[in-house]
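Q: Sequence below, structure please.
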Amino acid sequence: DNGVVKAVNGVTFEVPSHSIVGIVGESGCGKSVTSLSLMRLLQGPTGQIVDGSIRFKASDGVVYDIAKMPLNKMSSIRGKDITMIFQEPMTSLNPVFTIGNQLDEVSLLHNNYDKQQSKAHSIEMLKLVGIPDAEMVYGKYPHELSGGMRQRVMIAMALAAKPKLIVADEPTTALDV
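A: Predicted coordinates for the structure are as follows:
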């Protein structure tokens, strides 16, 4: 934007096991950028981590510095140990695959379930996030659901891999009261 460099500086926080940490701030202060940094999803060259560390103890017991981790290693942690609930579900759900297909993929990749176990787990996740008629929703496409239902699906997907850390960028924005 007109040559002005925008940066998020000096962010420090800790998330102890089994805890919830909320980051609050005005619009544009860097909450979403911080979330994307934790997931290593910043788009370079303008979006980058230039200094500091992000320490994370993965399910293998090793403490990694996510900020310096090679992207191929990060992809094995992202989705399994760390998941994210994005603000806008329509940009995260694939319109050509059913909800069940997309949820099943999480369990097939990260939980080592077979197809039958994945389907049962996916339907259970849909029920867990308060989706009525979960079996029917399992076979629907994203465009067939309301915004609130799509957001619940995103929450179910984030929970499905049983991650150690869930990063949520305004996860209740699209939910109904």
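Q: From now on I want contacts and neighbour counts done on CA atoms only, so please keep to that.
A: OK.
Q: which sections of the chain are below the confidence cut-off?
A: Low-confidence segments of the chain (pLDDT under 70): 1-6, 45-46, 89, 172-177.
Q: can you give me the strands in the chain?
A: With DSSP state E as the criterion, the chain has strands at 55-57, 63-65, 82-85, 165-168.
Q: any idea how far residue 35 is from the residue nearest the centre of the chain?
A: For the chain, the residue nearest the mean C-alpha position is residue 84 (1.3 Å; Cα atoms, centre = their mean). Separation of residue 84 from residue 35 (Cα to Cα, to the nearest Å): 8 Å.
Q: Tell me the residues that contact both of these two, please.
A: Shared contacts of residue 84 and residue 35, defined by Cα atoms under 8 Å, 6 or more residues apart in numbering, are found at 167-169.
Q: count of neighbours near the nearest residue to the residue nearest to the centre of the chain once chain neighbours are set aside?
A: Of all residues not flanking residue 84 in the chain, residue 167 sits nearest, at 4.6 Å (Cα to Cα, 6 or more residues apart in numbering). By other Cα atoms under 10 Å, 20 other residues sit near residue 167.
Q: May I have the residues that are in contact with residue 167?
A: By Cα under 8 Å, 6+ apart, the residues touching residue 167 are 35, 82-85.
Q: would you list these in a markdown table and tack on distance to residue 138?
A: As requested, these are exported to a markdown table (distance: Cα to Cα, whole Å):
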| residue | distance to residue 138 |
| --- | --- |
| 35 | 29 |
| 82 | 24 |
| 83 | 21 |
| 84 | 21 |
| 85 | 19 |
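Q: quick one: contacts for the nearest residue to residue 83 once chain neighbours are set aside?
A: Counting by Cα to Cα, 6+ apart, residue 83 lies nearest to residue 166, which is 4.9 Å off, once chain neighbours are set aside. By Cα under 8 Å, 6+ apart, the contact set of residue 166 is 82-85, 158-159.
Q: ok, residue 166 to residue 21 distance?
A: Per Cα to Cα, residue 166 is found 10 Å from residue 21.
Q: before we move on, what about residue 92?
A: 23 Å.
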